[in-house]
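**Student:** Following is a predicted model, sequence given first.
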Amino acid sequence: MAKLDQPGGQSSLIAHCTNNTLPVSLFASLSHFLLCSCLYCKEDQESWTSKLSTPVLLFCYLSYTNTNLDFKTRLSALICQADSERTASTQCRTTSLEVTCQGSPDSGGGYFEMGLDNSEDIMGCSSSSTTVEDRVSEDVERANVSLVMWCHCITVAPDVGLNQRTSCLAVTDSLLIIFQMQSKDPPSGLQTLTDSLEIELMVPYADVEAFRFDIPDTCISLKVRSSDKQWFFFSDGQSLKEVYAHVDSLVSRTPSEHLNECSIQQFVEQFLNSWEIEESDSGVKSGLLAHVLDLASLFTLSQVITNSPQRSSVPSDVLSTLHESHTSIPLVMFLTTRHLCILKIDFVALASKDLAEGNRMRSCAKLTRIPLASTLLNPKRDCTDQSNSLAHRFCNGHVLELMAGHDHLAVVFALPHDKFLFLRQFSQFRASLRDIKTIALLQTRKCHLRVSSAVPSKTTQRMKNKSVPQDLQKPHLTLSLLYPGEALIRQLSEENQCPSHLSVSSSLHYLSSLRGEDLVTFFHDNIAEVENEELKHILWTSVLFYKSPEVEMTSCIMLSTKAVYFILDDAAATLSDQAMMWNWHPSEHRNRDFLISFCFAMKLNELQSVNVGLFDQYFRVVGPSAEHIITCLTRDGYSTHHFLQQLMTVLSLLEKIPSPEPSEQDFYTQFGKKSTGKMENYELVHSSKVKFVYPSEEEIGDLTFIVAERKGPQGSSQSFNILFYVLVFQVRSVPGQSGEKQHLLQPKTLILTGTDVFLLDEDYISYPLPEFAKEPPQRDKYCLTDARRIRDLDRVLMGYQTYPQALTLVFDDVPGPDLLCHLTMDHFADEQERGERMQGNGGAESEVQWCIFVPGAESRERLISLLARQWEALCSRELPVELTG
């Protein structure tokens, strides 16, 4: 891209193009680059042929703009010469010939569409008082170019239809001139450029019927009174505004035309229904003109044989239409904070509409929105070598591949700067998303760039940046020279081990296999969103989202110095509340080079509080909205404690926020706090203003109340004391497809008192209530599902027979004093649960078996130890423990 502005630097490329277009023959030679296959790693390149072309404005023309005084002087000379020739021909024309000078809709080059300026024509034909010198002076003044704008121009004429070309729009104080390029080759210099320019239209402002923004800051349309043709100019927003302001000051407009002006945000919203407009979905700056192609259907072997494109599976509303001569008609793309919007315009229908019609654009265009959460850049866009080929540089400047769902879209930007504007906005909006979003996990490949040592030096950083094209470099600041140190790499490798009981998708399985330097490189290439962040800790656990409390899924949590990243299992596909345009599942993705996964990012400066569960069995992070409330079910006190320590450490690295001034409180605020009904917990306010909330005695009291309620008044005070609380899984065996039994893990909470063991269903996500909660949760905090007396425990089975590392507690099914509790459970249980309660998993009819899996080894040993101690105290003998195979 950096060398595309050199005149003559791409003559061989454009020799294969038509009117500065990108033909499919060139596209096909780059098909591996665009279809997530590395062109520069593949020796055998296939050749393709097709007639499709995508017109673009090349970067080299932007060297000749308003700042190039020599170019403006030559344009003025061309205009002066053409104006003189027109004036001379006007003096000699007859009345019949004057009709023909009104112009023709024909698209051939070099015609003038000049209206008659009565005062000057009368002077030129009949006045003898004007000298030749005065006339020349006036012509020079009229031809003095004020502004120049290179643009992608789409013209629509009744007899010719639609045409596209690179044009140069010049304005003076009296005339509006459109130049078009005659030569198909790029200019080798200023002289070559001016020799190739041909005036398509030169018209005084009095003959301009309409010069208006059809798309704010993106497209200006032109209509002159002397022709039925319409012009649509696409260029950068600043140039369009400058030209529009100059012409608007010289063209008379009606008050209604001023009233029809709108902002770019209002323009996009006019295509949406009222219920689709979101206050947070804003940020539109300008439209980007682009050709959008479905490469999966365009570049197939069948197309080479039949020379006819395969029918695309992508909706046609997001793909460019093929015009006559297989020319692609571009679309207009908008980026909002939550969507990629694609506007498909029927330019022929738009040109036929009355200029005064209010909904002119809306009736001729259709807007399609694709959630940014499901839109990705090609993860192999950085897979390049030091190739300096023209085709390679052209791709860097104009071509970008997007993945919307599992469909691959090749986007060819018509304007030279639009690709980089898109990349900057896209990265910014994707990083600020507060949704679960898809990510592409790039697997190791031959040309994958990686840090060459555990401690990258500045030289290594410079070499890495040099090998990547300028447009594709990530905006990383230089990290600390001590990062990543050998100790940190060793620590991260040890932490990146997924527990065996967690189910993982193929993407998470690949992630868990990374070690050492590969793990750090992987984080920065695929996960990191914030500049200058360092990976500090990894935790594998189950997570629950506040908006989907019934779905527990596996997550790899990556804690950096700037954010907490939750890389999620494929089950996250069911959590997104956005209307996906493509219904798909990550397992359907068949690319061997990368895997599709899901990620939720919470910036540390958005973190408000952390709620720690009883006995450090889980913790909940709370942010500014419901989407930012996530419970991490570690089921292991050590893992929770270690993560919280690391979190406090990285929070200490954040910039300190000054304490807000204390606000004056009214009477009701000051004295009404105690009536809120909320549980008062122990709070630790970190220096970063993040609250760490620990459970109070009241939570233990809630559990004690449940135990006392079940035991009844006959229970002793000793039976109410809670000795142990742990999160476990209850293992249930169900028939599998192959006839073998499969094991299902059901989350449970186990409570051990002095005399009893309880199993409960617990709501880990809803309590304590968030500040924004308007009503209590649908579920209670605790729901008792089963209870047994310790004295009824017959034996404990340990081993791998039922489930690895599971404990099977075998109870004698002897009704105790709490008979009512058992009868109630039997009444409301289904047949399978009732059968298991009566005879367990293959046990005797008088036995009940609890197959319990405790993930934490320390918790498992403590449970066995406490059970044995209490059983011995109650039964005066040692608890029988049997080892199974």
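**Tutor:** Perfect, I can see it now.
**Student:** Tally up the residues packed near Ser313, please.
**Tutor:** Look at Ser313: counted by other Cβ atoms under 10 Å, it has 11 neighbours. Just so you know, the C-beta spots here come from the backbone N, C-alpha and C atoms, and that holds for glycine as well.
**Student:** same check, this time on the one 10 residues further on
**Tutor:** For His323, the tally of surrounding residues (other Cβ under 10 Å) stands at 16.
**Student:** ditto for Arg869
**Tutor:** For Arg869, the tally of surrounding residues (other Cβ under 10 Å) stands at 13.
**Student:** Repeat that for Pro204.
**Tutor:** 18.
**Student:** and if you look at Thr65?
**Tutor:** Neighbours of Thr65 (other Cβ under 10 Å): 15.
**Student:** Quick check: the gap between the residue lying closest to it once chain neighbours are set aside and Thr73.
**Tutor:** Spatially, and ignoring its direct neighbours in sequence, Thr65 is nearest to Val148 (5.7 Å; Cβ to Cβ, 6 or more residues apart in numbering). Here the criterion is Cβ to Cβ, to the nearest Å. By it, Val148 lies 11 Å from Thr73.
**Student:** Pick out whichever of those two has more residues nearby.
**Tutor:** Val148 (21 against 12).
**Student:** Beta-bridge partners for the more buried one, please?
**Tutor:** Following DSSP bridges, Val148 is listed with bridge partners Ala170.
**Student:** Now do it, the pLDDT please.
**Tutor:** pLDDT, Val148: 93.
**Student:** One more: Ser137?
**Tutor:** The model's pLDDT for Ser137 equals 60.
**Student:** quick one: Ser505 and Asp570 touch, right?
**Tutor:** Yes. Here Ser505 lies in contact with Asp570, judged by Cβ atoms under 8 Å, at a distance of 4.3 Å.
**Student:** Dump whichever strand or helix holds Asp83 to CSV, keeping only the CA atoms.
**Tutor:** Element membership for Asp83, per DSSP states H and E: helix 69-92. Extracted in CSV, the C-alpha atoms of helix 69-92 (Å, rounded to 0.1, in the frame of the first residue of the first chain):
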residue,chain,number,x,y,z
LEU,A,69,-0.4,23.5,-7.7
ASP,A,70,1.1,22.3,-10.9
PHE,A,71,-1.8,20.0,-11.4
LYS,A,72,-4.4,22.7,-10.7
THR,A,73,-2.6,25.0,-13.2
ARG,A,74,-2.7,22.5,-15.9
LEU,A,75,-6.4,21.8,-15.2
SER,A,76,-7.0,25.5,-15.5
ALA,A,77,-5.2,25.6,-18.8
LEU,A,78,-7.4,22.7,-20.1
ILE,A,79,-10.6,24.4,-19.0
CYS,A,80,-9.5,27.7,-20.5
GLN,A,81,-8.7,26.1,-23.8
ALA,A,82,-12.0,24.2,-23.8
ASP,A,83,-13.9,27.3,-22.9
SER,A,84,-12.3,29.3,-25.6
GLU,A,85,-13.1,26.6,-28.2
ARG,A,86,-16.7,26.6,-27.0
THR,A,87,-16.9,30.4,-27.2
ALA,A,88,-15.4,30.4,-30.7
SER,A,89,-17.8,27.7,-31.9
THR,A,90,-20.8,29.6,-30.3
GLN,A,91,-20.0,32.7,-32.3
CYS,A,92,-20.3,30.8,-35.6
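**Student:** Can you list the buried residues in that helix?
**Tutor:** For helix 69-92, burial by neighbour count (16 or more other Cβ atoms under 10 Å) applies to 71-72, 74-76, 78-80, 82-83, 87, 90.
**Student:** repeat for stretch 610-629
**Tutor:** By 16+ other Cβ under 10 Å, the buried positions in stretch 610-629 come out as 610-614, 616-623, 627-629.
**Student:** Where strands are concerned, which of these count?
**Tutor:** Per DSSP state E, strands hold the following members of the buried residues of stretch 610-629: 610-612, 619-622, 629.
**Student:** State the pLDDT value of Val140.
**Tutor:** pLDDT, Val140: 66.
**Student:** err, Ser733, not the other one
**Tutor:** The model's pLDDT for Ser733 equals 83.
**Student:** on that earlier part again, can you tell me which of the ones in strands among the buried residues of stretch 610-629 lies nearest to Leu511?
**Tutor:** Ranked by distance to Leu511 (Cβ to Cβ), those are led by Val621 at 20.6 Å.
**Student:** Sweet, I'm off.
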